[in-house]
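S.K.: Okay, here's the prediction I keep looking at, along with the sequence it came from:
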Amino acid sequence: MNIKALRAFSLTLSEGSLTGASRVMHLSEPAISRLISSLEGELRLQLFSREGRRLTPTEEGLEFYREASRILDNLNEIPRIAADLRAGRKPSLRVVTMPRIAPALVSPAIAAYAAQIKDAQISVDVRARREAGKWLAGRSYDLGIGALPVDHPDIRVAPLLQARALAVVPKGHTLAARSEITAADMADWPLIGLMPGLLMREQLDDFFRSAGKEPSYRLEVAALQLAVHLAGDAAGLTVADALTVSILETKNVDLRPIAPTRWMSFGILYPKRGQVSDEALAFAECLMDRAHQLALAEPENFTVEARVPA
């Protein structure tokens, strides 16, 4: 694979034009165009449709861009990795976490771990759920933390915490007067959903369909945090887990348990091959401590399922 061609393709999309890519790479526009054409030939994919000098990404091109950008992000880390090695810096703990649980669960655990082990070198990465599993299975990290279930042949899961599912409605909304909110209660109001393919979207779809309702989403967003903020701005109703909303500003929303009760599960993920390091086990203990803190503070919203693998 021609890395320069891959970079030319990625920059043409991220910069918005051949001109932008040529400026960043210090190459002429025809040279950038030739690199992209060679990449298309190598991949046997049409990444752009061409109208004169104008390039418009195809559907396949956009999907490839999402994956290629992730690869290039990691290639761009190589100079930093080399510099760290020359300076004698090497992370003793490498963690990957999924975005929505990083602030409420992972950040306090990292702080506790760093306080216990003064000379710890810690690397924390945040990746989407579908990406985190790939990198963890490749042993790029010592452990991961994310929403369950995670089904990957090279990953083993240790359940950690369950968070109650909550209906999120604008402050003062008619449904806020209820102690619990059902799918039938929500179905006739504008709904905010996650993008198709995301775990929380699948869980939300199942919530409505189990009640015989087919959800119709007024808005679809890529992050649960944004869905909660949109509910606060009266754009619609949504469902979130107590872990996500615990660190968000909720003055503009009312939170009510959904009925029947549902729980969202979170766990610690380990590469199946190889022994779990002492550092990873020590950090897992910090995660469990944090899970117990949440359950003690809000027993109605959290239950602990923690266990450390042998």
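M.R.: Structure's in. What do you need? Numbering: from 1, shown residues only.
S.K.: List the contacts of the longest helix seen in the chain.
M.R.: Criterion DSSP state H: the longest helix present in the chain is helix 278-297. Residues external to helix 278-297 that are found in contact with it (CB atoms under 8 Å, 6 or more residues apart in numbering): 92-93, 95, 104-106, 108-110, 112-113, 116-117, 120, 142-143, 145, 158, 160-161, 243, 246, 268, 270, 301-304, 306, 308. In short, each C-beta sits where N, CA and C put it, glycine included.
S.K.: Enumerate the positions of stretch 52-63 that are buried.
M.R.: For stretch 52-63, a neighbour-count test (16 or more other CB atoms under 10 Å) marks 55, 57, 61 as buried.
S.K.: With just CA atoms, put that stretch into PDB.
M.R.: In PDB, the C-alpha atoms belonging to stretch 52-63 read as follows (Å, rounded to 0.1, in the frame of the first residue of the first chain):
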ATOM      1  CA  GLY A  52     -13.400  18.500 -14.800                       C
ATOM      2  CA  ARG A  53     -11.000  19.400 -11.900                       C
ATOM      3  CA  ARG A  54     -13.600  18.900  -9.300                       C
ATOM      4  CA  LEU A  55     -13.500  15.700  -7.200                       C
ATOM      5  CA  THR A  56     -16.600  14.500  -5.400                       C
ATOM      6  CA  PRO A  57     -16.200  11.500  -3.000                       C
ATOM      7  CA  THR A  58     -18.300   8.400  -3.800                       C
ATOM      8  CA  GLU A  59     -20.100   6.500  -1.200                       C
ATOM      9  CA  GLU A  60     -17.300   3.900  -1.200                       C
ATOM     10  CA  GLY A  61     -14.800   6.700  -1.000                       C
ATOM     11  CA  LEU A  62     -16.500   8.200   2.100                       C
ATOM     12  CA  GLU A  63     -16.600   4.700   3.800                       C
END
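S.K.: How many residues are close by residue 212?
M.R.: Each residue near residue 212 was counted by other CB atoms under 10 Å, and the total is 9.
S.K.: Over to it. Which of the three states is it?
M.R.: Here residue 212 is coil, with the state taken from DSSP: H, G, I helix; E, B strand; the rest coil.
S.K.: which residues touch it?
M.R.: The contact partners of residue 212, by CB under 8 Å, 6+ apart, come to none.
S.K.: any idea how far residue 205 is from it?
M.R.: Computed with CB to CB, to the nearest Å, the distance linking residue 212 and residue 205 is 13 Å.
S.K.: Next, the contact list for residue 104, please.
M.R.: With contact set as CB under 8 Å, 6+ apart, residue 104 has these partners: 243-244, 246-247, 294.
S.K.: Pull the most distant pair out of those.
M.R.: Between all members of the contacts of residue 104, the longest pairwise span (CB to CB) is found for 244 and 294 and amounts to 12.2 Å.
S.K.: For these two, indicate the residue with more neighbours.
M.R.: With other CB under 10 Å as the criterion, residue 244 and residue 294 differ in neighbour count, and residue 244 comes out ahead with 25 against 21.
S.K.: Whichever strand or helix holds the more buried one: what's the following helix or strand?
M.R.: With elements delineated by DSSP states H and E, residue 244 resides in helix 242-245, which encompasses its position. Sequence order places strand 253-259 as the next helix or strand after helix 242-245, per DSSP H and E.
S.K.: packing partners for that next one?
M.R.: Under the contact definition 3 or more CB pairs under 8 Å, 6 or more residues apart in numbering; DSSP states H and E, strand 253-259 sits against strand 155-170, strand 181-182, helix 224-232.
S.K.: Direction included, what does the longest one pair up with?
M.R.: What it means is strand 155-170. In the sheet containing strand 155-170, its partner strands are strand 238-241 (antiparallel), strand 253-259 (antiparallel), strand 263-271 (antiparallel), strand 302-304 (antiparallel), by DSSP bridges.
S.K.: and residue 1, which of those strands is closest to it?
M.R.: Taking those one by one with CB to CB, strand 263-271 is closest: 25.5 Å.
S.K.: Helices along the stretch 1-150 of the chain, start to end?
M.R.: When secondary structure is read from DSSP state H, counting those that start in this stretch, the stretch 1-150 of the chain shows helices at 3-15, 18-25, 29-43, 59-75, 78-86, 107-116, 129-137.
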